[in-house]
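Asker: structure of the sequence below:
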Amino acid sequence: MASINDVAKLAKVSISTVSLAINYPERVSEQTRQKIFRAMKELRYTPSSKSVQPGSAKKNSVALITSEVSGPYFYEIMRGISETLTLNDLEMILLSGPDAEKRHFHEMAESPFVRGIILLGIDEPLGVDAAGAVRNGVPVVIANAGSEIEGVGSVSVDNYHIGETVANHILHIGYRRVALLGERNRERIPRAAGFVDALRAGGITIPPELDIPVYLDEKSGYFAMEQFLEQGIPLPEVIYCLNDEIALGVMSALGQRGIRVPQEVAVIGCDDVSVSRYVDPPLTTVALPKFEQGMLSVIQLLRQASGMPAENIVLNAKLVIRESCGYRLRQSGRRSVQRERTESGQKNGD
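Answerer: As a prediction, this is how the structure comes out:
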């Protein structure tokens, strides 16, 4: 089993820097933090209670309350939570379903066996006094949070910046006719806002017929694209989907109609789920630190249990350029044009 020393060696940083990235990630530069997280993932290293602040040994369970457990995105966050709990000799109590927080939060907060509560994807819990639970000595952390609650710890990604990053990539490639697909739930509202704002700053406005609300799964993406194609609306140059599952459905619908990606329309997703690199063409997307969100949620919970104050940790994401966005295709096209112009100039000079 890998140790913290192995992580430090692979990431080419000190052991104290690895420890700092685990316990206080906001105090480590994004570049260094990413190196450390990549090393941890490669070595399959998960922090144990030796790496984090110790908590009470009387309570050996942590409640994970979530409204949904489906999809590869949430699976990776839950894997980070589960593996970190296991390495710290803690059990996970999984409670899910519609209004799960209403039905289970108070019971878990009063349980003598629960050390703390993690809310996954529930940033404004209805009927739940999360701050009150913290005041009563029950640590609460919101994983994959979309907003902050005073006194409650959270781990999230900068979704507005994600939208800006994708938009700037599209502007760099040179696309002008842009479509946006995805439901505006609490997490994707800032993601879509960052995208739209950055496009507007670049002189592009998404027309209403290309701004399509779609439920965040592959099936919905497929049928939304089918319906769009049946309307006979001219294709956009690029489609940005607010998650990879929508993008995979869109690419499937385009393929069945014989529409080539990226030659006729480019597609970009978000989340970097594992299958995105294996589809044809491989999907350009944004890699989110999914496992790390889960891992840091547990670490923060244990730190709160030891008396440390709650923190709001915000992680950055990274654009992953593959073939579906057409970047490399356009670059090769530009090089060909430049070569032709150079050769033509040489002939004229002769």
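Asker: can you list the low-confidence ranges for the stretch 151-300 of the chain?
Answerer: 185-187 (pLDDT under 70).
Asker: now do 90
Answerer: 151-154, 156, 183-190, 215-217, 274 (pLDDT under 90).
Asker: all strands for the stretch 1-150 of the chain, in order.
Answerer: 61-66, 91-96, 114-120, 140-143 (DSSP state E, counting those that start in this stretch).
Asker: now do the contacts for the nearest residue to G163 once chain neighbours are set aside.
Answerer: Using Cβ to Cβ, 6 or more residues apart in numbering and skipping residues adjacent in sequence, the residue nearest G163 is G194, 2.8 Å away. All C-beta atoms are positioned from the backbone trio N, CA, C, and that covers glycine. Going by Cβ atoms under 8 Å, 6 or more residues apart in numbering, G194 touches N159, Y160, H161, I162, G163, E164, T165, A167.
Asker: for whatever helix or strand G194 lives in, buried residues please.
Answerer: Using DSSP states H and E, G194 sits within helix 188-201. The neighbour-count check on helix 188-201 (16 or more other Cβ atoms under 10 Å) flags R188, I189, P190, R191, A192, G194, F195, V196, A198, L199 as buried.
Asker: any idea how far A179 is from the second one?
Answerer: Spatial separation of I189 from A179 under the definition Cβ to Cβ, to the nearest Å is 18 Å.
Asker: before we move on, what about the fifth one?
Answerer: Using Cβ to Cβ, A192 is found at 12 Å from A179.
Asker: what about S154, is that helix, strand or coil?
Answerer: Three-state assignment for S154 (DSSP: H, G, I helix; E, B strand; the rest coil): strand.
Asker: since we're on the spatially closest residue to it that is not a sequence neighbour, how many residues are nearby?
Answerer: Counting by Cβ to Cβ, 6+ apart, S154 lies nearest to A145, which is 3.8 Å off, once chain neighbours are set aside. A count of neighbours around A145, defined by other Cβ atoms under 10 Å, yields 27.
Asker: A145 contacts G153, correct?
Answerer: No: counting by Cβ atoms under 8 Å, A145 stays clear of G153, with 9.0 Å between them.
Asker: list residues touching both of the two?
Answerer: N312.
Asker: so what's the residue count around G307?
Answerer: Count around G307 with other Cβ under 10 Å applied: 10.
Asker: confirm it sits in a strand?
Answerer: No: judged by three-state DSSP, G307 forms no part of a strand; its state is coil.
Asker: how much space separates it from R103?
Answerer: G307 is 30 Å from R103, by Cβ to Cβ.
Asker: still on that earlier bit, now do the contacts for the residue nearest to S154.
Answerer: D123, S154, V155, S156, N312.
Asker: where in the stretch 1-150 of the chain is pLDDT low?
Answerer: For the stretch 1-150 of the chain (pLDDT under 90), the answer is 1-61, 66-75, 86-89, 95-113, 120-138, 143-150.
Asker: can you give me the helices in it?
Answerer: Along the stretch 1-150 of the chain, counting by DSSP state H, counting those that start in this stretch, helices occupy 4-11, 15-23, 30-43, 72-87, 100-109, 130-135.
Asker: can you tell me what sits against the longest one?
Answerer: With Cβ under 8 Å, 6+ apart as the contact definition, helix 72-87 has outside contacts at 46-49, 62, 64, 66, 68-69, 91-92, 94, 118, 120-121, 143-144, 243-245, 271, 273-275, 288, 290-299.
Asker: tell me the centre residue of this protein?
Answerer: L288 (3.4 Å; Cα atoms, centre = their mean).
Asker: backbone phi and psi for the closest residue to it other than its chain neighbours, please?
Answerer: Spatial nearest neighbour of L288, excluding adjacent residues (Cβ to Cβ, 6+ apart): A317 at 4.8 Å. Dihedral angles of A317 (phi, psi; degrees, to the nearest 10) stand at phi -110, psi 170.
Asker: show the contacting residues for A317.
Answerer: Counting by Cβ under 8 Å, 6+ apart, the residues that A317 touches are V157, D158, H161, I162, T165, V286, A287, L288, P289.
Asker: which strands and helices lie in contact with the helix or strand where the fourth one lies?
Answerer: Put plainly, it is I162. I162 belongs to helix 159-173 when elements are defined using DSSP H and E. Judged by 3 or more Cβ pairs under 8 Å, 6 or more residues apart in numbering; DSSP states H and E, the packing partners of helix 159-173 are helix 188-201, strand 238-241, strand 266-268, strand 285-287, strand 318-320, helix 327-349.
Asker: go again with 6 Å.
Answerer: Contact analysis of helix 159-173 by 3 or more Cβ pairs under 6 Å, 6 or more residues apart in numbering; DSSP states H and E lists helix 188-201 as its packing neighbours.
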